[in-house]
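Engineer: Quick one: sequence and predicted model below, then my questions.
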Amino acid sequence: MDLAFLTDFLASSLRLSIPLVFAAIGVVWAERSGVFNIAIEGCILGGAFGAAIGTWWFGDPLGGLLMALVVAGLLGLLLGGLAVGLGIHQLVAGIAINLLVSGMTAYLARQILGASATAPLPGFGVWPIPLLSALPFVGPILFIQGPLAYLAYLAVPLAWWLLYRTPWGLLLRAAGDQPMAVDTAGVDVQRLRYVSVIGSSMLGGLGGAYIVLSQVHVFTENMSAGKGFIALGAVILGRWNPLGAAIACLAFGMADATQLRLQFGSPDIPYQLFSTLPFIAALVALVLMSGKVHAPAAVGKKFERSGK
Amino acid sequence: MITPAVADDFKVAIVLPGVITDNSFNQSGYEGVKEAAQKLGVEFAYSEKTAQPDQPQALADYARRGYKLVIGHGGEFQDAVDRIASRFPDTKFLVVNGVKAGKNVAVVSYDFPSMGYAMGYVAGKTSQTGKAGYIGAQKLKFYVELGEGFEKGFKAARPDGSVMTAWTNDWDDVAKGKEAALNLIGQGADVIFPSMDNAVVGSLQGAKEQGKMAIGIYYDAIKDWPDTVIQSAVFDMRGALGEVIALAKDGKLEAKPYIFSFDHKNATRLGTYGPKVPASVPAEVDALLPKLASGEISAK
Amino acid sequence: MIRIVATLYALRTVWALFLAFGLGALLIAVSGGNPLSAYSALIEGAFLDYWGISGTLVKMSPILLAGLAVILSLRGGLLNLGVEGQIYMGGLFSSSVALYVTGLPTLLHLVLAILAGALAGGVWGMIAGLLKAKRGINEVIVTLLLNFVAINLVSYFAGGPMMQEGAPYPYSEEIPEGLFLPIILPMTDAHLGVVLGVVLAVVLWVLLRSSTLGFGLDLVGRNPQAAHYAGVNVGHTVIMTMFLSGTLGGLAGSFEVLGLKHRLYHLFSAGFGFDGIVVAFMAQLNPLMSVVTAFFLSGLKSGALMMQRAIGLESTVVDAVIGIVIICVAASQAFVFKADQWRAWFSRRQRLDAALAAQPQETR
């Protein structure tokens, strides 16, 4: 295996994993606070839609980024209202939102963009980082990327630090494990969960924005293509830890890049079998890591203060 | 209650598997029927994004509503059309890219191998690395033939050249389409020929970013990708469907396969050459097309 | 008075539908359609005419069975998100038995094909049950991942070893005609699958109510610790639950192949497994109610297609309206009638009225 091939492979793995990284950190955030965010799939799609609409409106990818956050944030608010506020089953709320987003984005994209729906949009170019990008091997892989990729690099340690090294992170984790104790300490669990779900969804939206603004420069219907579900798997593999989840996302990205390359390397082996590779890798990893994995204790449970 | 409604006016309906905005197969089918209907002054209807379990119902429903010609857009409709056609003997059915005509079933398809050959020839004459990449979604008969024709044409123009093929297993995943293109480019290809639906955009984007060349499909893609596209495989559904719809309106549609090759310029033709194509190539290709259409050069 | 309030609450799904269709009407109007004619096309296309009902029943077969699969798993405290994959495995094995086992009497062959589908779905579901019971792995994510594996497997078989020679699309040869499920409405595609689905709904309802299996399942679902002390083998129950739930999904796939498609197609299920989740929750996990909710959801989906064709509405509007309907119906489930609260409120009101009546002059 020559160096050029390896560089190319790793760069491709990274590209494929960045939307997953954003989404997975989002999922960690929500689930640590006690809410399943299966709507993350819809948030990615909503973010992608917002990014396209915003870029088209303002003629600038920054406008797209803004709209991606707004759309995904609104979806988070909706999920919060349904799952936290009304307390309906969190997975059902999430699935309902996914269905809604899939229909609404396609509808609105046609209403707003019309015939120009598939024309390429301006996006973020590549911003090579001085000095670092000149490093041999890692330079071209890591440091010749668009701004959203750098944001993802920063988001991972930041999320870890917030979660494990700040009082707020402690509260958040407690809200997902022992909400009653948090409540007794005088902190509003519901509010904490609302904030988490909205933030979580906005991160999913960033994943969608990356796809549109840095990767393909166009919005197409249902372009999230199951990435949210893979992020959900990555979170479990990463044991609800932002660092672990990000590593799992990278692994998924590599599995995906590998299967694409295997498809070219061995055209005689049916490509469908390669397509299952990332999923089988995830299953095997789950089995190997079993026993050590457990979800936040109160995730999925509606919080009700006793003595109402 | 069970008798089908009968209407006198000729009406045509098309059932599409994908979205009408994909800038590819589905959009061209939709526009084909729309334009033909407007030109002939007949009523038309369409159903897009028709999932497989809904296809027989959609076809039957149009037949019942008195549409005289019902089109299934894609080979996957062959089976559903065969079944529904036997229930509605007075309605004509048409399968685009189908393989089997029947009593009241006609089939429209294109000469995919020849088109592939012509594109491969242009690519071979223009390529600098001598390597090209063909990207398809699934190994369906016609898309395999298109790729094989492409390879044959490429090698005819450049005997030492080679064509790599990638199947992505997804018609619409744009990111995957781009990855496939980048991958082929990484292996030395400098001309990419993607043949999916929505995902084509991703492949073209990948070629553009890398400063490489690409071939468009279904419409003259150079207008959206002026620096990237060197030629387009224009399968013009407007021409093909316009012709068969006009026949059907006059009651002359026969139950047979209608195959459109380069001798039907309104349906199968080349697009616009990009600036990177050597000046001698268009004349060479023009000489090639009649031979492909007549079968003198076999692209299979 | 309190009964009226209770009725209002009981009808909450209806109010949710009114709200959703109101919002949907806006979308339809914005996209240039007439909401009234759109909705009348939808209702007529779903429930009122012969063809419409047949279309609804075609969809109801997989949607009801998927709903039952989800209900069964949830009653045992598990969530089977893998019904979609189980449908695919069911279709794969049913069609394989139908195509490649020969020399059997037709009826036996048919029963064998159905059983093969059910078993395949069951085993596919049981993987998640085993991993849950033995290694404590979250069944939601395992079933979700297995969906993608199953879908790709079917794509491989339908487009590879089982593909019909020269087919323009990945599908297998047609299964022998004797194995087609009977059509229940002449001239349409409505097949026996939906009837079997309704029968299974009743069977499941009885099982969950009155058998030891149902008791164990319910107990494990509600309180695994208590179930353990009551002598129920929690691990076995988990595995069994996922197996049975998968069986129902497998049947849904089997009936799609034997009743509707008659071939193994790649991508033959249009997300029915996920529709099943909606059906299960709308029915509040009651198998009998799920017959009603499955009928409703199938009608909505089938009628929506009709609406698209009848008045030329874009499919994206239709998808958006369905999304709104599901959100509203889901939200409405949160409004549970709480008799105590309402009773307290009424009595407080009565006391207030009484107090006011006692001293009318002074307040003036």
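Structural biologist: Sure, I can see it.
Engineer: do you know how far B:Lys49 is from A:Ser102?
Structural biologist: 11 Å (C-beta to C-beta, to the nearest Å). In short, each C-beta sits where N, CA and C put it, glycine included.
Engineer: and for those two, which residues touch both?
Structural biologist: C:Asp319 (C-beta atoms under 8 Å, 6 or more residues apart in numbering or on different chains).
Engineer: ok, is the longest helix along chain A in contact with chain B or not?
Structural biologist: Of all the elements of type helix in chain A, the one with the most residues (DSSP state H) is helix A:3-32. Yes - counting by C-beta under 8 Å from any C-beta of the partner chain, chain B is contacted by helix A:3-32 at A:4-5, A:8, A:12, A:15-16.
Engineer: what does stretch C:143-157 give?
Structural biologist: Yes - using C-beta under 8 Å from any C-beta, stretch C:143-157 reaches chain B at C:152, C:155.
Engineer: Poorly predicted segments of the stretch 1-150 of chain B, please.
Structural biologist: Within the stretch 1-150 of chain B, the stretches with pLDDT under 70 are B:1-8.
Engineer: for chain C, same thing?
Structural biologist: C:360-364.
Engineer: Return the residues in contact with the nearest residue to C:Ala98 once chain neighbours are set aside.
Structural biologist: Spatial nearest neighbour of C:Ala98, chain neighbours left out: C:Ile175 (4.0 Å); criterion: C-beta to C-beta, 6 or more residues apart in numbering or on different chains. For C:Ile175, the contact set (C-beta under 8 Å, 6+ apart) comprises C:95, C:98-99, C:113, C:257-258, C:262-263.
Engineer: tell me the two of these that are most distant?
Structural biologist: Spatial extent of those (C-beta to C-beta) is set by the pair C:Ala113 and C:Arg263 at 13.2 Å.
Engineer: Please enumerate the shared neighbours of those two.
Structural biologist: Shared contacts of C:Ala113 and C:Arg263, counting by C-beta under 8 Å, 6+ apart, come down to C:95, C:175.
Engineer: Neighbour count: the two, which is higher?
Structural biologist: C:Ala113 (25 against 21; other C-beta atoms under 10 Å in any protein chain shown).
Engineer: was I right about that one contacting C:Ser94?
Structural biologist: Yes - when contacts are counted by C-beta atoms under 8 Å, C:Ala113 is listed as touching C:Ser94 (4.8 Å).
Engineer: Need the overlap of contacts for these two.
Structural biologist: Contacts common to C:Ala113 and C:Ser94, judged by C-beta under 8 Å, 6+ apart, are C:254, C:258.
Engineer: Point out the residues in the stretch 51-200 of chain A that sit beside chain C.
Structural biologist: A:78, A:82, A:86-89, A:91-93, A:95-97, A:99-104, A:106-107, A:109-111.
Engineer: How about the stretch 201-308 of chain A?
Structural biologist: A:221, A:226, A:229, A:232-233, A:236, A:270, A:272-273, A:275-276, A:279-280, A:282-283, A:286-287, A:290-291, A:293-295.
Engineer: Keep only those of these that are also close to chain B.
Structural biologist: Okay, of these touching chain B (C-beta under 8 Å from any C-beta), that's A:221, A:272, A:275.
Engineer: Can you give me the buried ones in stretch C:123-141?
Structural biologist: Within stretch C:123-141, the residues that qualify as buried are C:123-133, C:137-141, counting by 16 or more other C-beta atoms under 10 Å in any protein chain shown.
Engineer: What are the contacting residues of it?
Structural biologist: So stretch C:123-141 is contacted by A:91, A:232-233, A:236, A:286-287, A:290-291, A:293-295, C:69, C:78-82, C:85-86, C:89, C:142-143, C:146, C:150, C:234-236, C:238-243, C:245-247, C:249-250 (C-beta under 8 Å, 6+ apart).
Engineer: quick one on the thing from earlier: return the closest of the buried residues of stretch C:123-141 with respect to C:Ile277.
Structural biologist: Nearest to C:Ile277 among these, with distances taken as C-beta to C-beta, is C:Val140, at 11.1 Å.
Engineer: Now do the contacts for whichever residue of the stretch 151-300 of chain B sits closest to chain C.
Structural biologist: For the stretch 151-300 of chain B, the residue closest to chain C is B:Asn169, as judged by C-beta to the nearest C-beta, at 7.0 Å. Applying C-beta under 8 Å, 6+ apart, we find B:Asn169 in contact with A:271-272, A:275, B:137-138, C:152, C:155.
Engineer: and the gap between it and A:Trp29?
Structural biologist: Per C-beta to C-beta, B:Asn169 is found 32 Å from A:Trp29.
Engineer: What residue, apart from its backbone neighbours, is nearest residue 163 spatially?
Structural biologist: As the question left the chain open, I've gone with chain A. A:Gly169 (4.1 Å).
Engineer: Chain B was what I was after
Structural biologist: B:Glu151 (4.1 Å).
Engineer: Was I right to think that neighbour contacts B:Tyr121?
Structural biologist: No - in this structure, B:Glu151 is not within contact of B:Tyr121 by C-beta under 8 Å, at 11.1 Å.
Engineer: what's the closest of the contacts of C:Ile175 to C:Leu27?
Structural biologist: C:Val257 (35.7 Å).
Engineer: Counting neighbours, what do you get for that closest one?
Structural biologist: Neighbours of C:Val257 (other C-beta under 10 Å): 29.
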